[in-house]
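**Q** build me a model from this:
(chains A, B, C, D, E and F)
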Protein chains: 4
Amino acid sequence: MAEKKVRKRVNRLPAEQRIADIMVSARAVFTTKGYESALISDIAERAGVVDGSIYRFFANKRELLMRVIEDWYEKIILEEEERYYAVRGTWNRIRFIVFHHLQAIVREPALTKLAFTELRADPQYRQMRLYKLNQTYTRKVVELVREAIDVGEFRSDVSPSLVRSMLYGCVEHSTWAFLRNEGNLDIDQTADRIAEILYNGLVARHSEGDILVLADRLEAATTRLERLSGANDA
Amino acid sequence: MAEKKVRKRVNRLPAEQRIADIMVSARAVFTTKGYESALISDIAERAGVVDGSIYRFFANKRELLMRVIEDWYEKIILEEEERYYAVRGTWNRIRFIVFHHLQAIVREPALTKLAFTELRADPQYRQMRLYKLNQTYTRKVVELVREAIDVGEFRSDVSPSLVRSMLYGCVEHSTWAFLRNEGNLDIDQTADRIAEILYNGLVARHSEGDILVLADRLEAATTRLERLSGANDA
Amino acid sequence: MAEKKVRKRVNRLPAEQRIADIMVSARAVFTTKGYESALISDIAERAGVVDGSIYRFFANKRELLMRVIEDWYEKIILEEEERYYAVRGTWNRIRFIVFHHLQAIVREPALTKLAFTELRADPQYRQMRLYKLNQTYTRKVVELVREAIDVGEFRSDVSPSLVRSMLYGCVEHSTWAFLRNEGNLDIDQTADRIAEILYNGLVARHSEGDILVLADRLEAATTRLERLSGANDA
Amino acid sequence: MAEKKVRKRVNRLPAEQRIADIMVSARAVFTTKGYESALISDIAERAGVVDGSIYRFFANKRELLMRVIEDWYEKIILEEEERYYAVRGTWNRIRFIVFHHLQAIVREPALTKLAFTELRADPQYRQMRLYKLNQTYTRKVVELVREAIDVGEFRSDVSPSLVRSMLYGCVEHSTWAFLRNEGNLDIDQTADRIAEILYNGLVARHSEGDILVLADRLEAATTRLERLSGANDA
DNA sequence: TATGAATGAGTGTTCATTCAT
DNA sequence: GATGAATGAACACTCATTCAT
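**A** Okay, the predicted model is just below:
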C-alpha cells in the first residue's frame, strides 16, 4: 500500500569527481545546444545528479560555462606549451602557433564560438580567469617577436602586440565561415599561408632605399671598372 | 458608466516615416540594453507607436535588429566608398581602410558588438543582407592587393583574401578591449601602425633573382679587376 | 521621383455582391482553418476587399461565421423542402430525412463541426436565426410523427419531439467519427438502418388496449361457455 | 535598500496532493469560465501554487482540461458500473443507463459542454484516454442489446451499435437546450420516455401479420362461441 | 550533502476591430 | 463607400535558482 517512490540512490562521490562529471556533461550540452538553449536539468541528468547539486559547485549557469571553457582552454595551453618550446626557429614557431590555434578551433568549433560570443564580449571578461589564460596563451607571440627583433631577424619597428593581434585576428577571421558550418578548413595550407605572410612582413632586410642606392652604386662602379678593364684590354 | 480607456489618438504617417522612427528607437534601445534585454515595448514607446505596429514592418525582434545593423552598415559603406576612391596610393588606401574601419567601430561600439556576437555568429548569417554588404565592404582590400601585385608594388605570392582577413582580423582584434569598455583607443596611431606593418609586409623588394644577377655581375667584374690588378702586378 | 504607391483601384460593387463575395471566401477560410485560426485578413484578401470593409457588412467575426452557417443551412432546408413533400409514405419520408441529414453532414463536415461546436453550444444560440432555421428544419419530423399517429400508423404514446431528438441525435452521433476524419461513412446503408430501427420502433401494432378488450371478450365468452358446460354438467 | 519581494513560503506536498489540488481548482475555473477564458494564473492561485508549478504535472493547458474531464468521466463510469450490474431486466437497465447519463449531464452541464465542444470534436480525440473511457462507458448498451437479442427479447435485426448511437444521441440531443441554460430538465420523465420509446422500438413481438391473423381467428371463434352460447340461452 | 519540489519573474506576438483619410 | 494603418489587450509557458527536508 505504502508504495513510496524509491529514493534515488545517493551517490556520495568526492567533490572533484562530481565537478568533473558535471563539467563533462555541461560541455556536451553547451556545445550541442548553445548557451541559451542548454538546460541545467539536461546537464544534471547527464551528470547523474539533480539540478540543485550543480549549485553546490557552480554559482550559476554562466559560471559553469566559464569553467567549462576555461578548463578546455587550459588544456590547450598546456598541450601547446610542452610542444612549442621544442620548436626551433622563428618561422617554425610562428607556423606552429598559427597551426595550433587553427587546430584548436577546428577541433572544438562550438566551444570556440561560445568563447567568442558569450565570454569575450562580456564586460566581465577582464575579471575572468579566461582572460589571464588568454594572456598566457598569446604572450608567446609577443616574446617571440621581441626576441626576433633583438637578434635582428625582425625589423625593429614592429609592435609585438600588434603582431599578436594580427596573428590571432587573422586566424580567427579566417575561421568564421567554418564556425558557421560553411564548409571545411584546410588548416595545413591556411597555417602555411598565414605564417608565410606574417613572417615575410616582419623579417628584417636592408631598407629598400638603402639597397637600391647600394645596388646603383655598385653597378655604376662595376660598369666603370668594366669600361676601365675593357680599355685596358683593348 | 464604464470608463473606457481612451484610444490613443491615431497618427497616420507614411510607412517610410514609421519605419524610420522605429529603427531609430530600436537602434537606441538595442545599443543601450543589448539584444536580449531590449524590450519591444520600450522600442515602441520611444517610437511613439504601440507594440503591435512594429510587427507591421518587421517580422520579429531579430529582424528588427538585423535591419538596424544593416542600415547602419550600409551607411558606413556608402560614406566610405565616396571618399575611398579619392585616395591615391596603395599605402594611403590601406591606411584609409584601416582608419575608417576603426572609426566605424569606435563610433558605434555597441552596434559593432551586436553585429559580431549576434549576427556574424548566426548560422543564418550567410543568408542575411548583412553578409552581402560585408562582401562589398571588404572587397576593396582584395582589389587593392590585386592591383598592387599587378603593378609590382606588392609581392606576387600574397593571397589577397588572406590580406583581407589579416586587415579586418587585426583591426577587430585590436578593438576588443575597447568594445568591452576597457579604455580608449587611439585610432590614428592604431591605424598608422596597422597600415605600416601590413604594407611593409606586402611590398615587393628587388627580388632575390635580381639580387643574384647583380651578385653574379659583381663577382664577374671583381674577377676581371682581379685579373687586371694581377696584370698590373705582373 | 514622387512615386506614390498606386492606390488600389476602388471597386464599387453593389453591397449584395460584396456581401456574397465575403461570405464565399469566409466559408472557404472557416472550413479550412476552423473558427479561431481563420483570419479576417485572409477572408478579406480572398474576397478582394480590405479588412475594414468586412465590418461594413458584418458586426464582427462571429457574426460572419453565423451568417455563413445560416446561409448554408437555409440552402439545405430549401433544397430539402422542395423534394421532401414529393416523397410519399411515412417510412420513405423518415428515410429521406435521415438520408438528407447525413448527406448534408458528409458534404460539409467542416461547416457541420463549426455549427455543432461553435454555435449550437453558444448561450446566444436561441437568439440566432440559425435556431429558427433549425426549428423549421426539424419540424417536419414532428409533423410527420403526428400525422402517422393520427392515422394509426404510429403508436399514439410516442412523443413527437422525442422522436425528433432520437432521429437527429442518432444521425449526429453516428457521424462523429467521420467528422474527426476517422474514415468514411456509408450514408445509404446508415440511412437505411436508422430509418428501419426508428420506423419499427414507432409503428403501431394492435394496441394493448385492443388486446385487453379482446382478452376481456375472450374471458367473458369463456365464462359463458363454462357456464354452458356447467349447465350441461348440471 | 531594494525591498526584495519575500519568496512565498514553500509548501512541500506529495505530488498526488498537488495534482489533486490543481485539478480541483482547474475544474472549478474551467466550468466557470470555459476553456478559452480560463486563466492558468487563476487556476494556480486557487490551488495555492504559482503558475509554473502547474507545468510540473501538466504539459499544457489543454492537457489539464483533458485530465480534468477524464477524471470526472472515470468517476462517473465507476459509480455507474457498481450499480448497473445490480439492475435486472432489459427495460430497467436501459432506463438506468439513460437516467444515469442524463443525471451526469445535469449535474455537470459545464463539464459536459467542454467535453462535447472541446474534446470530442478534437482530431486527437481518438488518441485520448477519454476515448477509451467512453468506449467502456457505452459498451454496456451494445452488450445489453446483444443479450436481449440472444434471448429473443429484442428483434434480431437491430444493430447494437446503432442502438448505442440512438440512446446517447437522443439523450444528448435532448439536453442541448438545458446545456445552454434554457430551462430545466426533468430527468425522471425524460428517462422514462426515452427508455420507453427505445425499448418498445426494439422488443420482439409476433409479427404483425401473425398477430392479426391470430386476433381474427380468436375473434371469430369467440363470436361463434357466443353465438353458440346465445343459442343455448335463447 | 543531496534532493527535487516549488518558485515566479518575465515578454514577444497575434489579430479583431477601429476610424482618420 | 472604401481604405488600411494603427490600435492594444491579452496570456501561456520556461527554466534558472532556491531551500525545506
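
**Q** report how many residues lie close to the nearest residue to residue A:142 once chain neighbours are set aside.
**A** Distances taken as C-beta to C-beta, 6 or more residues apart in numbering or on different chains place residue A:160 nearest to residue A:142, at 4.3 Å, with adjacent residues excluded. Using the backbone N, CA and C atoms, a C-beta is placed for each residue, glycine as well. Residue A:160 has 18 neighbours, counted by other C-beta atoms under 10 Å in any protein chain shown.

**Q** cool, and residue A:20?
**A** Applying other C-beta under 10 Å, we find 14 other residues in the vicinity of residue A:20.

**Q** that one and residue A:49: what is the separation?
**A** 12 Å (C-beta to C-beta, to the nearest Å).

**Q** cool, residue A:84 as well?
**A** As for residue A:84, its distance to residue A:49 is 38 Å (criterion: C-beta to C-beta).

**Q** count the neighbours of the residue of chain A found nearest DNA strand E for me.
**A** Using C-beta to the nearest atom of the strand, the single residue of chain A nearest to DNA strand E is residue A:52, 1.8 Å away. For residue A:52, the neighbour count with other C-beta under 10 Å is 9.

**Q** what packs against the strand or helix carrying it?
**A** Residue A:52 belongs to helix A:51-57 when elements are defined using DSSP states H and E. Other elements packing on helix A:51-57 under the criterion 3 or more C-beta pairs under 8 Å, 6 or more residues apart in numbering or on different chains; DSSP states H and E are helix A:15-33, helix A:40-47.

**Q** just the buried residues of it, please?
**A** Neighbour-count burial for helix A:51-57, counted by 16 or more other C-beta atoms under 10 Å in any protein chain shown, picks out A:54, A:57.

**Q** quick check: mean pLDDT across it?
**A** Helix A:51-57 shows a mean pLDDT of 93.

**Q** separation between residue A:36 and residue A:69?
**A** Distance from residue A:36 to residue A:69, counting by C-beta to C-beta: 15 Å.

**Q** which single residue of chain A ends up nearest chain B?
**A** Closest residue of chain A to chain B, C-beta to the nearest C-beta: residue A:201 (1.8 Å).

**Q** what's the helix or strand for that residue?
**A** With DSSP H and E as the test, residue A:201 turns up in helix A:187-202.

**Q** could you give the angle of that helix to helix B:187-202?
**A** 110 degrees (axes from the mean of the first three to the mean of the last three C-alpha atoms, to 10 degrees).

**Q** from the chain's centre, how far out does helix A:187-202 sit?
**A** Distance of helix A:187-202 from the chain centroid (C-alpha atoms, centre = their mean, to the nearest Å) equals 15 Å.

**Q** try stretch A:78-94
**A** Using C-alpha atoms, centre = their mean, the offset of stretch A:78-94 from its chain centre is 13 Å.

**Q** cool, and stretch A:100-116?
**A** Using C-alpha atoms, centre = their mean, the offset of stretch A:100-116 from its chain centre is 8 Å.

**Q** on that earlier part again, pLDDT on the helix holding residue A:201, on average?
**A** Mean predicted lDDT for helix A:187-202 stands at 90.

**Q** hmm, back to that, contacts for the helix holding residue A:52?
**A** A:15, A:18, A:19, A:22, A:40, A:41, A:43, A:44, A:47, A:64 (C-beta atoms under 8 Å, 6 or more residues apart in numbering or on different chains).

**Q** how about those in TSV, adding pLDDT?
**A** Listed next are the contacts of helix A:51-57 as TSV, based on pLDDT from 0 to 100:
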residue	pLDDT
A:15	81
A:18	89
A:19	92
A:22	94
A:40	94
A:41	93
A:43	94
A:44	94
A:47	93
A:64	95
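
**Q** what's the helix or strand encompassing residue A:97 packed up against?
**A** Taking DSSP H and E as the definition, residue A:97 sits inside helix A:90-107. Under the contact criterion of 3+ C-beta pairs under 8 Å, 6+ apart, helix A:90-107 touches helix A:61-84, helix A:129-150, helix A:160-179, helix A:187-202.

**Q** and the spatially closest residue to residue A:163 that is not a sequence neighbour, what pLDDT?
**A** With sequence-adjacent residues excluded and distances taken as C-beta to C-beta, 6+ apart, residue A:163 is closest to residue A:145, at 4.9 Å. Residue A:145 carries a pLDDT value of 95.

**Q** residue A:145 against residue A:156, yeah?
**A** No. Using C-beta atoms under 8 Å, residue A:145 makes no contact with residue A:156, being 10.6 Å away.

**Q** of residue A:84 and residue A:49, who's got more company?
**A** Taking neighbours as other C-beta under 10 Å, residue A:84 and residue A:49 compare with residue A:49 leading, 20 against 15.

**Q** ok, the more buried one - contacts?
**A** A:18, A:21, A:22.

**Q** show me chain A divided up by domain.
**A** Chain A is divided into the following domains under automatic domain parsing: A:10-58, A:61-209.

**Q** is any part of the last one close to DNA strand E?
**A** This means domain A:61-209. No. Judged by C-beta under 7 Å from any atom of the strand, domain A:61-209 makes no contact with DNA strand E; its nearest approach is 12.7 Å.

**Q** ok, that domain near DNA strand F or not?
**A** Yes. Using C-beta under 7 Å from any atom of the strand, we find that domain A:61-209 touches DNA strand F at A:61, A:62.
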